[in-house]
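here are the coordinates; sequence isn't available:
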């Protein structure tokens, strides 16, 4: 199947998801796995094409669900870290599978909201939190420092 067919299938699936979201909340969890798998297939088929360009033309609500999925690949999360939507980039910042390179890039994101979201994530490496602790925005810097402190307290409790 070529790229156009996969994208057409993805668009059709996206429309089905919107309908499912409106009418059957329980259906959404089941379809979330399929979304990540379908985006992964599109990602693999389009290996020579920029997945970043493809995702910037897709429905942000759908991409938000993909970025939230624990089944989303590191490669797809990296592509979504470049997405035009602040909400999508915030979801990437929260995903535990987001690779360090994408986290470091998000630590320098133009959006204060993305950087703040990242600073709240206690699952990211201390190195990323260290960058955020020196952020020009005092709210981001303060949040990163608080997260670092919380992580240190958790380490002490676990060691005791």
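Structure received. Please read all numbers here as calculations on a predicted model, not as lab measurements.

in this protein, what spans have low per-residue confidence?
1-57 (pLDDT under 70).

residue boundaries of the helices in it?
Counting by DSSP state H, the chain has helices at residues 3-23, 25-45, 51-56, 60-68, 74-80, 86-94, 100-106, 112-120, 126-133, 138-159.

Give the closest residue to residue 111 in space, chain neighbours not counted.
residue 86 (4.9 Å; C-beta to C-beta, 6 or more residues apart in numbering). Just so you know, the C-beta spots here come from the backbone N, C-alpha and C atoms, and that holds for glycine as well.

How about residue 114?
Residue 114 sits nearest to residue 89 (C-beta to C-beta, 6+ apart), 4.7 Å away.

can I assume the one you found is in contact with residue 111?
Yes. Under the criterion of C-beta atoms under 8 Å, residue 89 makes contact with residue 111 at 6.9 Å.

Compare these two (neighbour count), which wins?
The neighbour count for residue 89 versus residue 111, taken as other C-beta atoms under 10 Å, is higher for residue 89 (27 against 13).

Any figure for the gap between that one and residue 72?
To residue 72, residue 89 is 14 Å away according to C-beta to C-beta, to the nearest Å.

same check, this time on residue 112
The gap separating residue 112 from residue 72 is 24 Å, by C-beta to C-beta.

higher neighbour count, the two?
residue 72 (25 against 14).

Contacts only, for residue 116.
137, 139, 140, 143 (C-beta atoms under 8 Å, 6 or more residues apart in numbering).

how about a markdown table for these, with neighbour count and distance to residue 123 added?
A markdown table is the format used below for the contacts of residue 116 (neighbours: other C-beta atoms under 10 Å; distance: C-beta to C-beta, whole Å):
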| residue | neighbour count | distance to residue 123 |
| --- | --- | --- |
| 137 | 13 | 21 |
| 139 | 12 | 20 |
| 140 | 23 | 17 |
| 143 | 22 | 14 |
